[in-house]
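**Q** need a structure here:
(one chain, ligands or ions: 1)
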Amino acid sequence: MSTENFQFTLKKTDGGARLGKVSMPRGTIRTPAFMPVGTVGTVKAMYLDQVKDTGADIILGNTYHLMLRPGAERVARLGGLHKLIRWEHPILTDSGGFQVMSLSGLRKLDEKGVTFKSHIDGSLHHMSPERSIEIQGLLGSDIQMQLDECVALPAEPKEIERAMELSLRWAERCRVAFGEQPGKAMFGIVQGGDQPALRIRSAEGLKQLDLKGYAVGGLAVGEPQDVMLSMLDTTLPVLPTEKPRYLMGVGTPDDMLKSVARGIDMFDCVMPTRSGRHGLAFTRRGKVNLRNARHAEDMRPLDEESSCPAARDYSRAYLHHLCRADEALGGMLLSWNNLHYYQDLMKGIRQAIAEGRFADFYAETQEAWAKGDI
Ligand SMILES: Cc1ccc(CCc2c3nc[nH]c3cc3c(=O)[nH]c(N)nc23)cc1
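**A** Modelled structure (predicted):
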C-alpha cells in the first residue's frame, strides 16, 4: 500500500535497537535497512531485479557521477532515474560533496559551494547547495541529502568546527531549495568529526530545521570503530526518536550490528559489492577469501542453507577458479552472495527486535563469525 507522503513509523524498540518502516509513494523501507550502493545507475555486477530479490527495498544513486554522465538534465529528459534504470522503488541520492572531495581533481570549497574538475573529462563544475538539491530533483530522487563537507579523520578540531558550521548553513539553504515535496524527503547530515561537543551542536542545529530524517556523516572515513561508536553514543540521543537515522558509508556486518544496538535505522556501504568483485565472500560463518588456494578443490557451496543460488549452488572450487581467472562471473556471483547475506542479516536483526531478543541475536551472530568458516 503506498502513501502520498513520507512517513516513518517506529514499530518496536529492544534496548537501543529500533524496528520501523519508512512509507513512501514508491514503496516501504523496512528498518533497520541496508541500502545497496548503485553508483552510476547500476548496482555493479547485478541486475536490479536480482537486487530486489535479495531483499533490498531501496538503492542509492550517486549525484556526483550522474551529473557528470549522463547529466542531470538528460536524465530528466529521459523520464528520470527510476524509469531509466528500471527501478520503481525508492532511491536515495547523496548530495555529491563527499564524492567531489574523494574523486575529482582541482577542487575548491567555499561558502558558495564546491568547484571541481570532472574526473571523466576534466570539465569544470560548480555545485552549490541549491544546485545539489536541483540535481537530485532532476534525477527524481525520493530521499535527497543536503550538501555537506565531510572532513577526513584525524583532523584539527578547528577544521572540524569550520566544516560542521558550514554544513549547518548549507543544510538551511538545502532545506529552502527543497521546499515542500510531498512523498519525498530531504535529510540533514550531522557532522562534527570525533568531537562530541561539535556533534551535539550539529545535531541540535539540524533539529531546528524540522527535517524528515537525519544522517550521521563524517564517519567511516578511516577512524577506529570505537571512535565511530562513541560518536553515535553522543549524537543519537540528541536526534528525534520519531525520525529515521541513516549512518552513511557503514559498514561491515559487525559495524552494523553495533550501530543498530545504538539506534541506527539505515545503512549503506560499498563493502558487499566492492569486496565481492575482489573475491571476498560474506557468510553466516564469517568471511571467506575465495582467491585462497585452500578452496581450489573444495566442492562445498559457501552456505548450503542459504536461499541465494550464488551461496547454495556453486562450489568454492568453481568460485576460486573464476576469481583467479578474473572472470566477470566471479564478481557477479560473490556480489550476489554478499548482498543477499547483508539483507539476510538485516532481516534477522528485524525479526530479533520484533521478538525482543536482539541481544541474543547479537551474541549468537558474533559467536558464529568467531567460530569461523570451517
Ligand atoms: C551512491 C552513494 C555512495 C556513498 C554514499 C555515502 C557517502 C558518504 C560516506 N561514506 C563513508 N563515510 C561517509 C560520510 C559521508 C558524509 O559525511 N557526507 C556525505 N554526503 N556522504 C558521505 C551515499 C550514496
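**Q** residues near residue 297, how many?
**A** Residue 297 has 10 neighbouring residues, counting by other C-beta atoms under 10 Å. All C-beta atoms are positioned from the backbone trio N, CA, C, and that covers glycine.
**Q** Tell me, how many residues neighbour the nearest residue to it once chain neighbours are set aside?
**A** By the measure of C-beta to C-beta, 6 or more residues apart in numbering, the closest residue to residue 297 outside its immediate chain neighbours is residue 317, 5.6 Å from it. Summarising burial for residue 317: neighbours were counted as other C-beta under 10 Å, giving 15.
**Q** mind listing what residue 317 touches?
**A** Residue 317 makes contact with 295, 296, 297, 298, 299 under the criterion C-beta atoms under 8 Å, 6 or more residues apart in numbering.
**Q** Contact residues of this structure facing the ligand?
**A** For the chain, the contact set with the ligand under C-beta under 6 Å from any ligand atom comprises 37, 39, 60, 62, 94-95, 97-98, 145, 148, 150, 189, 217-218, 220-221, 248-249, 268.
**Q** Mind checking which of the residues you listed are in strands?
**A** Judged by DSSP state E, those include 60, 62, 94, 145, 189, 268 as members of strands.
**Q** what residues are up against the residue of the chain found nearest the ligand?
**A** When C-beta to the nearest ligand atom is the measure, the chain has its nearest residue to the ligand at residue 249, with 2.0 Å between them. Residue 249 makes contact with 219, 220, 221, 268, 269, according to C-beta under 8 Å, 6+ apart.
**Q** again with residue 213
**A** With contact set as C-beta under 8 Å, 6+ apart, residue 213 has these partners: 8, 22, 143, 185, 187, 188, 243, 244, 245, 246.
**Q** Show me what the fifth one bridges to in the sheet.
**A** On the basis of DSSP bridges, residue 187 takes part in beta bridges with residue 145, residue 213.
**Q** I figured it hits residue 212, correct?
**A** Yes: in this structure residue 187 lies within contact range of residue 212 using C-beta atoms under 8 Å: 6.9 Å.
**Q** Who has more neighbours out of the two?
**A** More crowded of residue 187 and residue 212, by other C-beta under 10 Å: residue 187, with 26 against 19.
**Q** show me the contacts for the more buried one.
**A** Neighbouring residues of residue 187 by C-beta under 8 Å, 6+ apart: 143, 144, 145, 146, 211, 212, 213, 214, 215, 246.
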